[in-house]
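Q: Pasting a predicted model and its sequence here:
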Amino acid sequence: MADKLHRITIGDGIAVNLIKDSKFKHDRISVNFILPLRRETATGYALLPYLMQRGYADCSDFTAFARKLDELYGASVSGRVSKAGEYQIVGLSIHHVDNRYTLNGEDLAAQCAQLLADIVCKPDIREGGFAPEVLATEKNSLLDAIAAEVNDKRSYATARCTELLFEGEPLAVKQNGYAEDVLAITPKSAAESYYTMLRTAAIEIIVIGNAAEESVADIFAQAFRGVGRQPIQVELTAEQKAPGEVRDMVENMDLTQAKMVMGFSTRPAESREEIAAARIAGAIYGASPFSKLFLNVREKLSLCYYCASRIMASSGYMLVDCGIEAGNKQRAQEEILKQLQEVCAGSFTQAELQNAKLAVINSLNAVTDTLRGMEGWLLTEILQGGDNADPTQEIACVEEVTAEDVQNYMNSARLHVVYLLAGESKGE
């Protein structure tokens, strides 16, 4: 069983979050830089975890760095970039065996924490820039990640719909940045992005596992001591988009199955009760195997190969995406809206409501099964101004959701964008 969150401020805009949990045989430590999501800076920041996970000033040789990780019982270091609302998150983490399972009683947690602190605070920057050969390799890695967004047509379509829904706003910016901006990055500009990130990001360090002790926080406090800071203030605030004319866009690519995504604004959820209502509403409408979209649009009417909804409750929007024959676009669109009206009108049974609650409760229970799941949950909590490290504590809110709560939430949905990714040759 996990202990409650122990949060320690170690610097200006820098906090260490400790969740001690003895059920895992490994520990996970992550450093998360939270930055404003902007078109002009997104790509430079997105490249940084690729560069930094290759080593640091005192161990810049990749082979030597890999050997060092092997010596730490096969610890692994990984970098990632994500976005939450109007923020871009650059994360670096280390995953290692817990001290209880070392052969000679080594304090592996302290060694791994120190290694991650060195990676974060002492990157291999020489003469004002990252090594050109390393930069070239990792620029290719980022370009591959950006290209992969296009290759996965379902993900690409949902991303394009989101861009159209929030055109001109931070939420439209891609978390991995843009290929044309990758090509423009130089060793010096990459270093400048790093120093800006170190100085201005809100930094959340998360330690989960049996080794989540204050001694780990002390290591990071020492590492960040002396770093000049002017951190941003993180505030996840959102307002529902004003109603307007529905934007209908069609793009063509070489594919056999068309992808349609419908973008809705919703009332941003500001409380645990509203978030719980949004979760239940999503499960009833399109986020479960017994949802109205799945049972009616896909199964009963066979209008889609798949059809599902996803609600971003705190950011105030919902996406419905489906794989269709392009000729079925209008019928599928009409049926998706019809099923939304069914939920808004309360045309679902108590059994459907209870099944939705069970599905959401199961998903909340599953969060604590993995270190990565717990880390993601806690980071979202922190961004929303909360401090609940145990997702199962949300179950009480879920159980209290009524049919009226679901109706009230879904009645806030407003359609803004219909995006179709169709085939070039056959109009699909």
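A: Thanks, I have it. Numbering: from 1, shown residues only.
Q: where in the protein is pLDDT low?
A: Screening the chain residue by residue with the criterion pLDDT under 70, one finds the ranges 1-3, 425-428.
Q: Run through the neighbouring helices and strands of the one helix or strand Val360 maps to.
A: Element membership for Val360, per DSSP states H and E: helix 350-367. Contacts defined by 3 or more C-beta pairs under 8 Å, 6 or more residues apart in numbering; DSSP states H and E place helix 350-367 against helix 272-285, helix 371-383, helix 395-399, helix 403-410. The way it works is simple: take the backbone N, C-alpha and C, and place the C-beta from them, glycine included.
Q: What about Ala366, how many residues nearby?
A: Around Ala366 there are 11 other residues, counting by other C-beta atoms under 10 Å.
Q: Grab the nearest non-local neighbour of it.
A: Counting by C-beta to C-beta, 6 or more residues apart in numbering, Ala366 lies nearest to Gly373, which is 7.1 Å off, once chain neighbours are set aside.
Q: Distance-wise, check that neighbour relative to Glu169.
A: Gly373 sits 29 Å away from Glu169, going by C-beta to C-beta, to the nearest Å.
Q: Also Val406?
A: Val406 is 28 Å from Glu169, by C-beta to C-beta.
Q: between the two, who's got more neighbours?
A: The residue with more neighbours, out of Val406 and Glu169 and counting by other C-beta under 10 Å, is Val406; that gives 26 against 12.
Q: Which residue is the nearest non-sequential neighbour of that one?
A: With C-beta to C-beta, 6+ apart as the criterion, Val406 has its nearest non-adjacent residue at 4.6 Å, and that residue is Ala281.
Q: so the one you found makes contact with Tyr409?
A: Yes. If you go by C-beta atoms under 8 Å, Ala281 and Tyr409 touch, sitting 5.0 Å apart.
Q: Look at these two and report which has more neighbours.
A: For Ala281 and Tyr409, the more surrounded residue by other C-beta under 10 Å is Ala281, and the numbers stand at 30 against 26.
Q: in the sheet, who's paired with Ser30?
A: Under DSSP bridges, the beta-bridge partners of Ser30 are Ser93, Ile206.
Q: so what's it up against?
A: By C-beta atoms under 8 Å, 6 or more residues apart in numbering, the contact list for Ser30 reads Gly91, Leu92, Ser93, Ile94, Ile205, Ile206, Glu375.
Q: what number of residues lie near the second one?
A: Meaning Leu92. The number of residues packed around Leu92, counting by other C-beta under 10 Å, is 20.
Q: just Leu143 next, same as before
A: In terms of burial, Leu143 registers 16 neighbours under the definition other C-beta under 10 Å.
Q: how close does it get to Pro268?
A: As judged by C-beta to C-beta, Leu143 and Pro268 stand 34 Å apart.
Q: Need the contact partners of stretch 150-169.
A: Counting contacts by C-beta under 8 Å, 6+ apart, the residues outside stretch 150-169 that touch it are 86, 149, 171-172, 174, 241, 247, 249, 251, 253, 255, 257, 259-263, 265, 310, 317, 319, 321, 323, 416-417, 419, 421.
Q: again, only this time at 6 Å
A: Taking C-beta atoms under 6 Å, 6 or more residues apart in numbering as the criterion, the residues outside stretch 150-169 that touch it are Glu149, Ala172, Leu255, Lys259, Val261, Gly263, Leu319, Asp321, His416, Val417, Tyr419, Leu421.
Q: mind listing which of the residues you listed are in strands?
A: Lys259, Val261, Gly263, Leu319, Asp321, His416, Val417, Tyr419, Leu421 (DSSP state E).
Q: check contacts around the third one.
A: Gly263 makes contact with Cys161, Leu165, Leu319, His416, Val417 under the criterion C-beta under 6 Å, 6+ apart.
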